[in-house]
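**Q** Provided below for reference: sequence and predicted model.
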Amino acid sequence: MNKIWVIGSANTDMVVKTDKLPLPGETLLGGSFFINAGGKGANQAVAAARLGGHVTLVAKVGKDLFGKETIEGLKKENIDTEYVFTDENAPTGTACIIVNAEGENYIVVAPGANANLLPADIEKVNPISGAEIILVQLEIPMATIEYIAKPAKAHHQKLIINPAPARILSNELLAGLFLITPNETEASFLTGISVTDETTASEAAAVLLNQGVQNVIITLGRQGACFQNREAKFLIEAPVVQAVDTTAAGDTFSGALAVALTEGMEWEKAIRFAVQAASISVTRMGAQASVPYRKEIII
Ligand code: RIB
């Protein structure tokens, strides 16, 4: 039985590297274009698998070439794809991504089949009760996430919500949640506190803890990641790197963290492991193309 179950999106990313973003109505001559496997769910599954985890992905793709390539790619990563469903009517999700000279990304997702990953699909996923960690993001319907949360809590599984892209989360979802991992933008959206640094991250974390979340990690990009629960709080600094493309840095962090926790690492070591993996990913172009392998991590 695989210990890590990722439930989320699988996309095909269309990426253009350019110096600056176009203004509305402006046409720019950008740089190179490439197509790359992406989607926050699939990215996190790949990160967990490359970093040493045994992973099952629950997702939905279209009955098209991108869907076929997505499943083939996941299999090559040794990810269990038994529950990667194929939608007869919707295309595989796609993302249009522009990466600027600083490595910052701008992403628009056309969800396609991801929007049809429904509670009825999760009902078919009986072995989920054997998972130790369940990792979800917010590129699939909220009803599905809420449907997953109930049995996860009942089975004392560690449910991790990576709240990306930022969406409103119900009180029921947050109450008793094992871990939430927003970045600074998502933490600001969820709490109303403008998160820019360790101090404001701690204030935002306190809001989430008051809503019943057990553990909070707020990622702060090049500043690192802040951990907070009722007993402890600390910042793990990120190594200084030259960022080429920050796409999937958060996904790499989440996948790495899931591996570290299933291996029994303490919070501090687990977050150091995840920060280092994410820092490597930003030095490379692409989503899954940028995710490091276990042998690259030295902690
Ligand atoms: O987190 C990065 C991912 O967001 C991309 O791979 C894209 O597909 C969107 O899901």
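**A** Yep, it's here.

**Q** Which positions in this protein make contact with the ligand?
**A** Contact residues, the chain versus the ligand (C-beta under 6 Å from any ligand atom): 9, 11, 13, 38-40, 43, 95, 107, 109, 139, 247-248, 250-251, 287. (Glycine included, C-beta is placed from N, CA and C.)

**Q** Now go through the residues you listed and say which are in helices.
**A** K40, N43, G250, D251 (DSSP state H).

**Q** Out of those, flag the one nearest to D197.
**A** Minimum distance to D197 across those is 17.9 Å, recorded for G250 (C-beta to C-beta).

**Q** The closest one and A166 touch, don't they?
**A** No: G250 is beyond contact range of A166, at 11.7 Å (criterion: C-beta atoms under 8 Å).

**Q** neighbour count winner among those two?
**A** G250 (23 against 15; other C-beta atoms under 10 Å).

**Q** List the residues that contact the more buried one.
**A** K40, N162, A164, T181, N183, T219, A278 (C-beta atoms under 8 Å, 6 or more residues apart in numbering).

**Q** Need the CA coordinates for the helix or strand where the last one lies. CSV is fine.
**A** Right, A278. A278 belongs to helix 267-281 when assigned by DSSP states H and E. C-alpha atoms of helix 267-281 as CSV (Å, rounded to 0.1, in the frame of the first residue of the first chain):
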residue,chain,number,x,y,z
TRP,A,267,9.3,19.1,11.5
GLU,A,268,12.6,21.1,11.3
LYS,A,269,14.4,18.4,9.3
ALA,A,270,11.4,17.8,7.1
ILE,A,271,11.0,21.5,6.3
ARG,A,272,14.7,21.8,5.6
PHE,A,273,14.5,18.9,3.2
ALA,A,274,11.5,20.4,1.4
VAL,A,275,13.0,23.9,1.2
GLN,A,276,16.1,22.5,-0.3
ALA,A,277,14.2,20.5,-2.9
ALA,A,278,12.1,23.6,-3.8
SER,A,279,15.3,25.7,-4.1
ILE,A,280,16.7,23.3,-6.6
SER,A,281,13.5,23.4,-8.7
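
**Q** my read: W267 touches E231, true?
**A** No: contact criterion C-beta under 8 Å: W267 and E231 do not qualify, at 9.8 Å.

**Q** Pretty sure E186 sits in a helix.
**A** Yes: checked against DSSP: H, G, I helix; E, B strand; the rest coil, E186 lies within a helix.

**Q** Can you tell me how far it is from the ligand?
**A** Distance of E186 to the ligand, given as C-beta to the nearest ligand atom, to the nearest Å: 12 Å.

**Q** before we move on, what about L179?
**A** Taking C-beta to the nearest ligand atom, one finds L179 at 18 Å from the ligand.

**Q** Now for that residue, how many residues are close by?
**A** Using other C-beta under 10 Å: L179 sits among 23 other residues.

**Q** Next up, the contacts around the residue in the chain positioned nearest to the ligand.
**A** Closest residue of the chain to the ligand, C-beta to the nearest ligand atom: G38 (2.5 Å). Listed by C-beta under 8 Å, 6+ apart, the contact set of G38 reads N11, T12, D13, A95, I97, T247, A248, G286, A287, Q288.

**Q** make it 7 Å
**A** N11, T12, D13, A95, A248, A287, Q288 (C-beta atoms under 7 Å, 6 or more residues apart in numbering).

**Q** same deal with L208?
**A** L208 touches L174, I180, L190, T191, V216, counting by C-beta under 7 Å, 6+ apart.

**Q** one step back: give me the more crowded residue out of W267 and E231.
**A** Taking other C-beta under 10 Å, W267 and E231 do not tie; W267 has more neighbours (19 against 7).

**Q** In this model C226 seems to touch that one, though I could be wrong.
**A** No: using C-beta atoms under 7 Å, W267 is not in contact with C226, being 11.4 Å away.

**Q** returning to what we had before: how about the ones in helices among the residues of the chain next to the ligand, which pair is most distant?
**A** N43 and G250 (8.8 Å).

**Q** Skip the chain neighbours and tell me the closest residue to S129.
**A** Distances taken as C-beta to C-beta, 6 or more residues apart in numbering place H155 nearest to S129, at 5.3 Å, with adjacent residues excluded.
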